[in-house]
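In: sequence and predicted structure, then a few things I'm wondering about:
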There are 2 protein chains.
Amino acid sequence: MVTHAQRSRGTMTGTATGRRRSTTKAARARATLSDVAREAGVSLATASRALNGTSGRAVGDGLRERVQAAADRLDYSPDANAQAMARGRTASIGLVVHDIADPYFSSIAAGVTAAADAGGYAVTLANTQHDHVRELHFVQTLQSQRARAIILAGGRQDDDEANDRLRAALRGYREQGGTVAVIGQAILGVSTVRVDNVGGSAALATALHGLGYRRFGVMAGPQRHLTARERTTGFVDALARLGVDVPPAAVVHSEFTRTGGNTALAELLLRAPDVELVFAVNDVMAVGAMSAARDAGIVVPGGLAFAGFDDIATLHDVNPALTTVHLPLEEMGRLATPLALDAAAEPREVVVTGEVRLRDSTPARSA
Amino acid sequence: MVTHAQRSRGTMTGTATGRRRSTTKAARARATLSDVAREAGVSLATASRALNGTSGRAVGDGLRERVQAAADRLDYSPDANAQAMARGRTASIGLVVHDIADPYFSSIAAGVTAAADAGGYAVTLANTQHDHVRELHFVQTLQSQRARAIILAGGRQDDDEANDRLRAALRGYREQGGTVAVIGQAILGVSTVRVDNVGGSAALATALHGLGYRRFGVMAGPQRHLTARERTTGFVDALARLGVDVPPAAVVHSEFTRTGGNTALAELLLRAPDVELVFAVNDVMAVGAMSAARDAGIVVPGGLAFAGFDDIATLHDVNPALTTVHLPLEEMGRLATPLALDAAAEPREVVVTGEVRLRDSTPARSA
DNA sequence: TTGTACGCGTTATCAC
DNA sequence: GTGATAACGCGTACAA
């Protein structure tokens, strides 16, 4: 089935180069644009123009069809790498996430791929696994690949050294013509889809206060995690403005994950036994904590109410339904794409505001 | 801050080519390998060898360091596209999924990125959104990019035309030196991580039968969806072997999604009011159906028990905990990567068997 | 409208 | 061990 096409190549300068691919037996020589041109009986330039409108204007209808036919016949597939070299730019954008398995990021990725696809871009996915070094490394790799733009998704850490390093890497990338956008905090000096974590958690706090809750506990996530921190302070400060105090003892730190919420609940209950409602800075923590509460024999939401943040779609069917702050994750990815592609000198900022979704996990406490 | 480096380039053939990037103001000329070579006072060849061991043997220690220093000084970033051209191969693998926002695929993606990263490969993500045409298009795009390998994740459809087209596209890709692996069914003639859906659902059926259940309903997913079909028949056939009949009326078809499970429950209960347990062919459908049951005033699992398939991590905290068949999704992605990279002539097959996880949604019915 | 010829940045082959 | 130099496949001024 596999045929070894044996044919001369190009206009020939002299040495009949045996292709290096001759080592493997399964590979048939790729048809190049020169092959197509020769097959169609036109020049290389004409073939190029016929297959992608650009350059010196249009091509005669007859020729265009001949070239197209030849290309089809030879199963011609343009070499994107060669095109990238010749054009000086690629059609791919890099997406850097902390953990693609996390529904937060996979939703964003869905938005990015949709927008990229619509714009004719390919997406290179980089999964840092929460590792700063790896993140830096990916930026360099994407720069090597001459990715046209990079989208950095996910909140930043309070880590000056890491941030500085990243800023430097991004500066290098941008100086070489790349453009960048971040989803999270606007602290990198580039265009940002900023999540209004403070506003969202404040709105949530206010709504819960309106429901009659007064004694709150907070599962605040990692200390240096900016998103976690913003959501915590937004929540606590809003309550303070309402005259409700959240004692430091009722704020416990843990990982940003399901496990973090699950294991930290015990500590919270130990330090603040009288809380009525636990606000976890993201949904998965909230759900993990809810499970821990049940395992401890606590009735949910009767004995203890729970609220989260993000509104992860996969979690819509937990029982009781989780009160949370809805974030348009997929749209955030979609929004970030043109932002990343935009070469504007001044960084732009798009603010995404969450929307409070009151559900069964926080019933009114009017009684 | 941005400096316009004004320097001559290369050994110069004559025309002092003004770089095309001179139009934008923000871009600084990229340092090329020639620049590094000149800066270090060595030849291009030596510079190339110094920076990546290959080609004509080693480089003297002194020179190697000088080149490295020059590269650092100039902020040299190798052009992956140029390397790809010169080497005749890239270091990126394409991952094609139906929906990256689906936890099933995002977990697989996590496994693929981890394995790819370890092997020094970049991952290009393509999201088909369940569109055959788009899937085909992505294979061609990846071929254009000369991706070294392609991983097709996700079950196939019973659609000869679409499958044939895909097979043809893959054949073209492979003839040009690419390698392919599929996660799902082994019907494409390429290496496959095959999910033993039949065995998994059969084991589940047996276990549930052992728990005392006798009247089953099945939310069977889309008619032509092979994964859905395999899980359905595996389940039904195993019960038949145990002497339990699942009447056709108790098998309802719907979408493979949460919504599919949610909306189809009513129909199932209408057609088979006496079922004790509903097996949905994946977890999200099961959870959606569970919600629908609750909304209909049915007690879960007392009034109706539920089981799913996949064991999606994000769903671990639904209440009651969902009985399901555990699939090592991330590992499946990890396994698929070397399989995809392998250029073996004969397609290989790795079988992944699910593991039954009995949980609270299907309590023993010994009474 | 079409063709010629050069350059894109790198690797690899061959002499030295 | 090191240095010329020919590819790699394509886009595009420039000339015709």
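Out: Now that the structure is in, tell me what you want to look at.

In: which residue packs closest to A:Ser126, ignoring adjacent ones?
Out: Actually, residue A:126 is Ala. It isn't Ser. Distances taken as C-beta to C-beta, 6 or more residues apart in numbering or on different chains place A:Phe138 nearest to A:Ala126, at 3.9 Å, with adjacent residues excluded. Where C-beta positions appear, they are placed from N, C-alpha and C, glycine not excepted.

In: so that neighbour: helix, strand or coil?
Out: Here A:Phe138 is recorded as helix under DSSP: H, G, I helix; E, B strand; the rest coil.

In: A:Thr263 contacts A:Ala292, correct?
Out: Yes. Using C-beta atoms under 8 Å, A:Thr263 is in contact with A:Ala292, at 7.3 Å.

In: who's more crowded, those two?
Out: Just comparing A:Thr263 and A:Ala292: by other C-beta atoms under 10 Å in any protein chain shown the higher neighbour count belongs to A:Ala292, 19 against 15.

In: hey, what's A:Ala126 bridged with?
Out: Beta-bridge pairing of A:Ala126 under DSSP bridges involves A:Val96.

In: contact partners for it?
Out: A:94-97, A:135, A:138, A:141-142, B:113, B:122-123 (C-beta atoms under 8 Å, 6 or more residues apart in numbering or on different chains).

In: show the contacting residues for the residue nearest in space to the middle of chain A.
Out: In chain A, the C-alpha nearest the mean C-alpha coordinate belongs to A:Ala153, at 4.1 Å (C-alpha atoms, centre = their mean). Shown in contact with A:Ala153 (C-beta under 8 Å, 6+ apart): A:95-98, A:105, A:108-109, A:112, A:182-184, A:333, A:336.

In: if you set the cut-off to 7 Å instead, what comes out?
Out: Applying C-beta atoms under 7 Å, 6 or more residues apart in numbering or on different chains to A:Ala153 gives the contacts A:95-97, A:105, A:108, A:183.

In: which of these sit farthest apart?
Out: Within those, A:Val96 and A:Ile108 form the most distant pair, 10.9 Å apart (C-beta to C-beta).

In: who has more neighbours, these two?
Out: Neighbours per residue, other C-beta under 10 Å: of A:Val96 and A:Ile108, the larger number sits with A:Ile108, 30 against 23.

In: ok so, going back, what about the residue nearest to A:Ala126, distance to A:Gly94?
Out: 7 Å (C-beta to C-beta, to the nearest Å).

In: and if you look at A:Arg64?
Out: Counting by C-beta to C-beta, the gap from A:Arg64 to A:Gly94 is 35 Å.

In: before we move on, what about A:His253?
Out: 32 Å.

In: the two - which one has more neighbours?
Out: Ranked by neighbour count (other C-beta under 10 Å), A:His253 and A:Gly94 place A:Gly94 first, with 26 against 19.

In: what packs against the host helix or strand of that one?
Out: For A:Gly94, the element it lies in under DSSP states H and E is strand A:92-97. When contacts are defined as 3 or more C-beta pairs under 7 Å, 6 or more residues apart in numbering or on different chains; DSSP states H and E, strand A:92-97 sits against helix A:103-118, strand A:122-127, helix A:132-144, strand A:149-153.

In: for those, which one sits closest to B:Ala80?
Out: Nearest of these to B:Ala80, taken as C-beta to C-beta: helix A:132-144 at 4.5 Å.

In: in that closest one, what's buried?
Out: Residues of helix A:132-144 classed as buried: A:134-136, A:138-139, A:141-144 (neighbour count, 16 or more other C-beta atoms under 10 Å in any protein chain shown).

In: just checking, what packs against that helix?
Out: Under the contact rule (3+ C-beta pairs under 7 Å, 6+ apart), helix A:132-144 is packed against strand A:92-97, helix A:160-175.

In: which residues of the stretch 51-200 of chain A score low on pLDDT?
Out: A:55-57 (pLDDT under 70).

In: residues from it in reach of chain B?
Out: Residues of the stretch 51-200 of chain A that fall close to chain B, judged by C-beta under 7 Å from any C-beta of the partner chain: A:75, A:77-82, A:84-85, A:88, A:90, A:99-101, A:103, A:106-107, A:109-110, A:113, A:122-125, A:127, A:140-141, A:143-146, A:172, A:175-177.

In: do the helix or strand harbouring A:Phe279 and chain B come into contact?
Out: Assigned by DSSP H and E, A:Phe279 falls within strand A:277-280. No. If you take C-beta under 7 Å from any C-beta as the test, strand A:277-280 misses chain B, and the best it gets is 12.1 Å.

In: so A:Thr207 sits right up against A:Val356, yeah?
Out: Actually, residue A:207 is Ala. It isn't Thr. Yes. Under the criterion of C-beta atoms under 7 Å, A:Ala207 makes contact with A:Val356 at 4.9 Å.

In: now stretch A:300-307: buried residues?
Out: Neighbour-count burial for stretch A:300-307 [16+ other C-beta under 10 Å]: A:300-301, A:304-307.

In: dump these into a markdown table; add pLDDT, secondary structure and distance to DNA strand C as well.
Out: Shown next, in a markdown table, are these (pLDDT from 0 to 100; DSSP: H, G, I helix; E, B strand; the rest coil; distance: C-beta to the nearest atom of the strand, whole Å):
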| residue | pLDDT | secondary structure | distance to DNA strand C |
| --- | --- | --- | --- |
| A:Val300 | 95 | coil | 59 |
| A:Pro301 | 96 | coil | 60 |
| A:Leu304 | 98 | coil | 59 |
| A:Ala305 | 98 | strand | 58 |
| A:Phe306 | 98 | strand | 54 |
| A:Ala307 | 98 | strand | 52 |
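
In: nearest to B:Ala313 among these?
Out: Out of the buried residues of stretch A:300-307, the member with the shortest distance to B:Ala313 (by C-beta to C-beta) is A:Phe306, at 19.3 Å.

In: OK, contacts around the closest one?
Out: A:278, A:280, A:286, A:289-290, A:300, A:322, A:361.

In: from A:Val281, how far out is it?
Out: 12 Å.

In: kindly report the same for A:Phe105.
Out: A:Phe105 is 16 Å from A:Val281, by C-beta to C-beta.

In: now A:Asp99
Out: A:Asp99 is 16 Å from A:Val281, by C-beta to C-beta.

In: quick one, which of the two is more surrounded?
Out: Per other C-beta under 10 Å, whichever of A:Asp99 and A:Val281 has more neighbours is A:Val281, with 30 against 19.

In: can you give me the neighbour number for the nearest residue to A:Leu211 once chain neighbours are set aside?
Out: Leaving aside its sequence neighbours, A:Leu211 sits nearest to A:Ala364 (C-beta to C-beta, 6+ apart; 4.9 Å). By other C-beta under 10 Å, 10 other residues sit near A:Ala364.

In: same question, A:Arg89
Out: Neighbour number of A:Arg89 under other C-beta under 10 Å is 17.

In: could you find the closest non-adjacent residue to it?
Out: A:Arg148 (5.9 Å).

In: what's the domain layout of chain A?
Out: Taking automatic domain parsing as the reference, chain A has its domains at A:4-86, A:89-195+A:331-352, A:197-327.

In: distance to B:Ala50 added to these, as TSV?
Out: Formatted as TSV, those follow (distance: least, C-beta to C-beta, whole Å):
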stretch	distance to B:Ala50
domain A:4-86	22
domain A:89-195+A:331-352	17
domain A:197-327	39
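
In: so for B:Glu230, which of these sits nearest?
Out: domain A:197-327 (23.5 Å).

In: can you pull the buried residues of stretch A:340-356?
Out: A:340-341, A:347, A:350, A:352, A:354, A:356.

In: could you dump that stretch to PDB, C-alpha only?
Out: Extracted in PDB, the C-alpha atoms of stretch A:340-356 (Å, rounded to 0.1, in the frame of the first residue of the first chain):
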ATOM      1  CA  ALA A 340      -3.600  38.200  24.000                       C
ATOM      2  CA  LEU A 341      -3.500  38.700  20.300                       C
ATOM      3  CA  ASP A 342      -3.700  42.500  20.600                       C
ATOM      4  CA  ALA A 343      -0.300  44.100  20.100                       C
ATOM      5  CA  ALA A 344      -1.400  47.300  21.800                       C
ATOM      6  CA  ALA A 345       1.500  49.100  23.600                       C
ATOM      7  CA  GLU A 346      -0.700  49.800  26.600                       C
ATOM      8  CA  PRO A 347      -1.900  46.800  28.600                       C
ATOM      9  CA  ARG A 348      -5.700  46.600  28.600                       C
ATOM     10  CA  GLU A 349      -7.800  45.200  31.400                       C
ATOM     11  CA  VAL A 350     -11.200  43.500  31.200                       C
ATOM     12  CA  VAL A 351     -12.900  43.000  34.500                       C
ATOM     13  CA  VAL A 352     -15.100  39.900  35.100                       C
ATOM     14  CA  THR A 353     -17.500  40.200  38.000                       C
ATOM     15  CA  GLY A 354     -18.900  37.100  39.600                       C
ATOM     16  CA  GLU A 355     -22.600  36.700  40.200                       C
ATOM     17  CA  VAL A 356     -24.000  35.400  43.500                       C
END
